[in-house]
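> predicted coordinates and the sequence they were generated for:
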Amino acid sequence: MKKTIINVSLILTALLIYILQANFFSWFNIAGIMPNLFVILILFIGLFANRIMGGMYGLVVGLFLDFIIGSKIGIYSVGLGLIGFLSAIFDKNFSKDSRMTVMLMVVVATAIFEVLSYLLNYVFASIHVEILNFIKILVIEIIFNLILTIILYPLIQKFGYYIENEYKGNKILTRYF
């Protein structure tokens, strides 16, 4: 029952993020560039739940975004699915307790997502990419995501450990018995 409540709340969070991205951040942006809260959400799910759940949520949310705002189907889903799977690597190698470590994870995840989406758009959608414009967009989006991560970190951490206890549990004793 708790897992169902967690999944429903994550779906509602994704819808809330979509509404924020479509409405609020279209007015509140920096040089026309909005943050990508979906990268933070998928990174958060993969870090605290598990690799499979992060990847699946990444694929589903990515397909939703591909249908709504994407030019080609699969670009957002591949990027967000990859972020979901990579977050498990971050979970095993880094601590989620440090705010600086989480900020570094957000920087790397945002950079990977943006580079991958630009490469896929260049290959499949034949969109011409200017390097200087891409770097400007990447830097501003990373800064924007960092600011939002700093603001939302206590909420992310509290809800994240609740999800982690429910999905991963405390399996320390099972290793020895």
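Looks like it came in fine.
> contacting residues for the residue nearest the centre of the chain?
Centroid-nearest residue in the chain, with CA atoms, centre = their mean: V39, separated by 2.1 Å. Contact partners of V39, counting by CB atoms under 8 Å, 6 or more residues apart in numbering, are 80, 83, 106, 109-110, 113, 145. Yep, even glycine has a C-beta here, placed from its N, CA and C like the rest.
> pull out the buried residues from the helix-or-strand element of the chain with minimal mean pLDDT.
In the chain, no helix or strand scores lower on mean pLDDT, DSSP states H and E than helix 25-27, which sits at a mean of 82. Buried residues in helix 25-27, counted by 16 or more other CB atoms under 10 Å: F25.
> cool, stretch 73-85 as well?
Buried-residue list, stretch 73-85, by 16+ other CB under 10 Å: 75-85.
> which SSE is the closest residue to D97 other than its chain neighbours in?
If the residues on either side of it in the chain are set aside, D97 comes closest to Q157, at 7.9 Å by CB to CB, 6 or more residues apart in numbering. Take DSSP states H and E as the rule and Q157 turns out to sit in helix 131-167.
> pick out whichever of the buried residues of stretch 73-85 sits closest to E164.
Nearest to E164 among the buried residues of stretch 73-85: G84, at 15.2 Å, using CB to CB.
> the closest one in helix, strand or coil?
Assigned by DSSP: H, G, I helix; E, B strand; the rest coil, the conformation of G84 is helix.
> OK, contacts around it?
Here G84 is in contact with 42-43, 45-46, 51, 53-59 (criterion: CB under 8 Å, 6+ apart).
> from the residues you listed, which ones fall inside strands?
If you go by DSSP state E, the contacts of G84 have nothing in strands.
> quick one: which of these has the most company?
I42 (32 neighbours; other CB atoms under 10 Å).
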